[in-house]
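Undergrad: I'd like to go over a predicted model; first the sequence, then the structure.
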Amino acid sequence: MSKRRNLLDSVEKKKEIIEQTIVEEARSKLNRALEETVTQSDPESNDGAPQRPIKDPNLPLRGRPPKRLKVEEHQYHQTYVMKLFDRSVDLAKFREDCPLYALCRAWIMNQPRAKTGKFRVPNVYIADRVETNDIAKGVKDGIIKEIPVMPAPIPDTDVALLPELLQCQKDSNKNNIKLVYNLNKPPVDRKSLMKQNLKRWRDIRQQWNAHSKEREKRYQPSMDILDAIFRP
């Protein structure tokens, strides 16, 4: 035990000595830096030396035009380009609290090297809202490159919001529950119950899918345009 204590004491003493030396070195460096600062700022030591005027860093240098200065200011620009599908956007141009709309707009423009707010507008035909019949064909043919407004959906039809109930759903109403059971009759096994429920669930799902397709026919013009853009 005594040897172990002696070892611990020696280790602690070494740590204290190392810390003291580090502190002393830091203090000596600080003192030297302060002495150099005082020496440079002492007016008596610089009486014989000519004083140079302090130059404004904002003023342009001699022999360097202002245009070149502007180019050099933007020469070192850190970029963080993110590529999603077939388009890219430079995220380093936007702040953290930037709205999502601006990011999406820059991603749609697909010009990560362009400056913020100075995107090149392509010289192409822009689709109008009135020409909804030819937009999808124009996109496929490469005539239309930009669609600022999607076509409006077809006016609401007579299709209900929810599908009509199946006969099995109507029969399973709470008012049609049979509370009188025949105890002499054997109970239904698990396989039969699963088979009945699977058939019921399958029929309900098919009913909902068919009804959803009927409801989505209102947006068929927009779907055709999206298919023409993303499914060439």
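TA: Perfect, I can see it now. Numbering: from 1, shown residues only.
Undergrad: what's the pLDDT at E73?
TA: For E73, the model assigns a pLDDT of 49.
Undergrad: What of P65?
TA: As predicted, P65 sits at a pLDDT of 55.
Undergrad: got it, and R202?
TA: Here the pLDDT value assigned to R202 is 95.
Undergrad: Can you get me a residue count around it?
TA: Here the number of neighbours of R202 (other C-beta atoms under 10 Å) works out to 10. Glycine gets a C-beta too; all of them are placed from N, C-alpha and C.
Undergrad: go on, the one 5 residues further on?
TA: Summarising burial for Q207: neighbours were counted as other C-beta under 10 Å, giving 15.
Undergrad: which element is it on?
TA: Counting by DSSP states H and E, the element that carries Q207 is helix 190-215.
Undergrad: again with I225
TA: Using DSSP H and E, I225 falls within helix 220-230.
Undergrad: pLDDT of that helix, averaged?
TA: Mean predicted confidence for helix 220-230 is 87.
Undergrad: ok, back up a step: what helices and strands are in contact with the helix holding Q207?
TA: Using 3 or more C-beta pairs under 8 Å, 6 or more residues apart in numbering; DSSP states H and E as the contact test, the elements touching helix 190-215 are helix 167-171.
Undergrad: what residues does the helix it packs on touch?
TA: R200, D203, I204 (C-beta atoms under 8 Å, 6 or more residues apart in numbering).
Undergrad: Give me the buried subset of the residues you listed.
TA: Among the contacts of helix 167-171, none scores as buried (criterion: 16 or more other C-beta atoms under 10 Å).
Undergrad: pLDDT value on R105, please?
TA: Reported pLDDT for R105: 85.
Undergrad: Break this structure down into its domains, please.
TA: For the chain, the TED database gives the domain ranges 81-110, 132-230.
Undergrad: Nearest to I18, out of those?
TA: Of all the domains of the chain, domain 81-110 sits nearest to I18, with 42.4 Å by C-beta to C-beta.
Undergrad: Now that closest one: buried residues?
TA: In domain 81-110, counting by 16+ other C-beta under 10 Å, buried: S88, V89, D90, K93, A106, W107, M109.
Undergrad: what about that domain, start to end distance?
TA: One end of domain 81-110 sits 11 Å from the other (C-alpha to C-alpha, to the nearest Å).
Undergrad: swap in stretch 93-113?
TA: End-to-end distance of stretch 93-113 (C-alpha to C-alpha): 10 Å.
Undergrad: any idea how far D227 is from K137?
TA: As judged by C-beta to C-beta, to the nearest Å, D227 and K137 stand 12 Å apart.
Undergrad: hang on, I meant R32
TA: The spacing between R32 and K137, counted by C-beta to C-beta, is 79 Å.
Undergrad: for Q78, same thing?
TA: Using C-beta to C-beta, we find Q78 at a distance of 43 Å from K137.
Undergrad: higher neighbour count, those two?
TA: K137 (12 against 7).
Undergrad: quick one: contacts for that one?
TA: A228.
Undergrad: and what of P221?
TA: Counting by C-beta under 8 Å, 6+ apart, P221 touches T132, I135, A136, P151, P153, I154.
Undergrad: How about K217, nearest residue that isn't a chain neighbour?
TA: Take K217 and drop its neighbours on the chain: the residue closest to it by C-beta to C-beta, 6 or more residues apart in numbering is I154, 7.2 Å away.
Undergrad: What is the neighbour count of the one you found?
TA: Close neighbours of I154, defined as other C-beta under 10 Å, add up to 11.
Undergrad: pretty sure it is in contact with R215, am I right?
TA: No. In this structure, I154 is not within contact of R215 by C-beta atoms under 8 Å, at 11.0 Å.
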